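[1] mind looking at a prediction? Sequence and model below.
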Amino acid sequence: MTAYPFVGLKPITRPYPSSGDCMQGRVVRVIWLLARLLRRDPVRFESYRERFGTSLRSFCRDIAALRDAGIYIEAENGVYRYICFRPGREAV
């Protein structure tokens with residue numbers, strides 16, 4: 001009888017994404033949010049979840065990243081909108 005090395009079963013689970021994949025996904029999500037806001041489209045978490053399948057926490061992080069970048073975002077009743085300030089109109 002010959003010795004045959006036993007190779008165990010491989011797991012069927014998905015591999016854990018590398019840090020580069022996570023960052024690319026976040027960049028895509030933030031750009032999508034920014035494009036929607038700049039087009040004056042109201043953004044809701046439901047549409048974000050349908051598009052990317054992520055959690056509310058990720059949505060809040062992406063909105064916070066845009067706000068940290070200097071984008072003025074108004075939130076009212078779950079609808080997020082871009083606020084545009086024009087220096088000529090507000091200045092007195």
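    Yep, it's here.

[2] what number of residues lie near residue 33?
    23 (other C-beta atoms under 10 Å). Every C-beta, even on glycine, is put in place using the N, C-alpha and C of the backbone.

[3] repeat for residue 64
    Neighbours around residue 64, by other C-beta under 10 Å: 11.

[4] neighbouring strands - and their directions - for the helix or strand in which residue 81 is found?
    According to DSSP states H and E, residue 81 maps onto strand 79-82. Strand pairing for strand 79-82, using DSSP bridges, gives strand 43-44 (antiparallel), strand 73-76 (antiparallel).

[5] pull out the buried residues from the longest one.
    By neighbour count on 16 or more other C-beta atoms under 10 Å, the buried set for strand 73-76 is residue 73.

[6] can you check stretch 65-80 too?
    Neighbour-count burial for stretch 65-80 [16+ other C-beta under 10 Å]: 65-66, 73, 80.

[7] stretch 47-62 too?
    48, 52, 54, 58-59, 62.

[8] nothing else from me, thank you.
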